[in-house]
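Asks: all I have is the shape, not the residue letters:
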């Protein structure tokens, strides 16, 4: 998220059962990339994928509902089995003195007790599902990063001090603090932990137009001990590590390069760097390379997908984006598809309502630049081929001074308070696919967009706000301020949406 630039200045399964299913159902990457690809997206395949991963996604038998910005890390990210049905707004929370007296980082995470955790400019807050504040923790430095859950720990990082930290999720008491670097980027990171290793970014880069992090670190999630560090070809922006469940981690740099490392040692296993966006012959400031506010996502078909910008494009209005698919095993590119607008987002991979097969949902949109009318769309691609399934083109953003909703109104108050003055998120939050295949996503106009699926098959209650595009029914509901990538989270019976300044909790 371009969120922070201003601050530069101011666990047993039945083994035989699973093994039998694996033998009979699981397809290899080569199968998934062949004419038999449709079998990889069958309900049996997807269900097996969830069953196998559910038993390993968290330590000590703890199975948090939404432990990371993109959900359970060993499942395909951005999806939830919870279906939005008769959920309605139950409660909200913003800073008691007024919402513009604080600024949120990333979005919410939800533990096994349905407790909600949100990092802000004024520290980390914990709430129960009824909205009662449980505790508040002041991190060891300013944090722009969403926290993540691992067992009984809440894990996070800071930017100005380059610290990583762990807090007991029940008490809010500090467990460990580790300094990983002198500082860290001003972007909004999404650290994550699996198999005892916390993967984070650190060491601020100094490249125009954004900094990000020059190094990736692996820490012992339980003790904070530094295990390894790795320097990618280009810095990362909004680092969001991915975990296929094979003892590795994958991530994308801000020019669309994709990397795979050994999770426990940091050893590079492969990387795929597209030279058309690497700034070959670039100046010291890196002015000829691309920049993107997006990232990567795993599919249940052995692929990893990236959302970035080609050539020397930097996500601005009037430029295009690109979505690429790679085999997780060796980094070989499978397909690529250009998008009409810049790809500054994190994809969601799943099945959407009324549409056959596995889908990749992205939300291309230009970065927020004053005096421009940024365009965007909600786009679904075939996860195996990259061909378009559907798209919803929305009206260009129409907000004060063409800044994300809430930034202009809150600027003076935050400047006076001495906190980060503006949120400045990307065009869209990262999308979510619910248990019925509905797509949810927040936009910088402060509205929550929901795509219900084909209009002809919709049997629910219709509201006056609903629209139909390309035969798809959708609705935009005004909540308030703009949203960061990690805005959406879900657990049984509830959805949590965080804007840049307010938590909205919808319950049955």
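Replies: Now that the structure is in, tell me what you want to look at. Keep in mind that this is a model prediction, so the values were computed, not measured.
Asks: can you pull the buried residues of stretch 319-327?
Replies: 319, 321-327 (16 or more other Cβ atoms under 10 Å). Glycine gets a C-beta too; all of them are placed from N, C-alpha and C.
Asks: state the distance from the closest residue to residue 274 other than its chain neighbours to residue 429.
Replies: Distances taken as Cβ to Cβ, 6 or more residues apart in numbering put residue 256 closest to residue 274, at 5.8 Å, once the chain neighbours are dropped. Separation of residue 256 from residue 429 (Cβ to Cβ, to the nearest Å) stands at 20 Å.
Asks: among the buried residues of stretch 319-327, which one sits closest to residue 216?
Replies: residue 326 (18.3 Å; Cβ to Cβ).
Asks: just the pLDDT at the closest one, thanks.
Replies: pLDDT recorded at residue 326 is 97.
Asks: with residue 16 instead?
Replies: At residue 16, pLDDT is 31.
Asks: likewise residue 19?
Replies: For residue 19, the predicted pLDDT is 36.
Asks: cool, residue 462 as well?
Replies: pLDDT recorded at residue 462 is 91.
Asks: what distance do you get for it to residue 164?
Replies: The gap separating residue 462 from residue 164 is 48 Å, by Cβ to Cβ.
Asks: tell me where the protein has helices.
Replies: Remark: helices assigned in the chain by DSSP state H are 15-25, 29-32, 37-40, 43-54, 407-417.
Asks: can you point out the buried residues in the last one?
Replies: In other words, helix 407-417. Neighbour-count burial for helix 407-417 flags 407, 410-411, 413-414, 417 (criterion: 16+ other Cβ under 10 Å).
Asks: thinking again about what came up before, any idea how many residues pack against the residue nearest to residue 274?
Replies: 30 (other Cβ atoms under 10 Å).
Asks: which residues touch it?
Replies: Shown in contact with residue 256 (Cβ atoms under 8 Å, 6 or more residues apart in numbering): 274, 277, 290, 292, 306, 308-310, 322, 324.
Asks: farthest-apart pair in those, please.
Replies: Across the contacts of residue 256 (Cβ to Cβ), the longest gap, 12.7 Å, separates 290 and 324.
Asks: quick check: neighbours shared by those two?
Replies: Joint contacts of residue 290 and residue 324 (Cβ under 8 Å, 6+ apart) are 256, 308.
Asks: residue 462 and residue 164 - which one has more neighbours?
Replies: residue 164 (28 against 12).
Asks: residue 490 contacts residue 506, doesn't it?
Replies: No. Counting by Cβ atoms under 8 Å, residue 490 stays clear of residue 506, with 9.4 Å between them.
Asks: what residues are shared contacts of the two?
Replies: With Cβ under 8 Å, 6+ apart, residue 490 and residue 506 have common neighbours residue 496.
Asks: those two: who's more crowded?
Replies: residue 490 (26 against 18).
Asks: number of nearby residues for the residue lying closest to the more buried one once chain neighbours are set aside?
Replies: Nearest residue to residue 490, sequence neighbours excluded (Cβ to Cβ, 6+ apart): residue 80, at 3.9 Å. Neighbour count for residue 80, taken as other Cβ under 10 Å: 24.
Asks: give me the distance between residue 80 and residue 174.
Replies: 31 Å.
Asks: ok, now residue 433?
Replies: Distance from residue 433 to residue 174, by Cβ to Cβ: 36 Å.
Asks: which of these two has more neighbours?
Replies: residue 433 (24 against 14).
Asks: ok, what's across the strand from that one?
Replies: residue 79, residue 439 (DSSP bridges).
Asks: for it, which residues are in contact?
Replies: The contact partners of residue 433, taken as Cβ under 8 Å, 6+ apart, are 78-80, 348-352, 359, 361, 439-440.
Asks: recalculate using a threshold of 10 Å.
Replies: Applying Cβ atoms under 10 Å, 6 or more residues apart in numbering to residue 433 gives the contacts 76, 78-80, 348-353, 359, 361, 380, 439-441, 451.
Asks: same deal with residue 412?
Replies: Per Cβ under 10 Å, 6+ apart, neighbours of residue 412: 100, 421.
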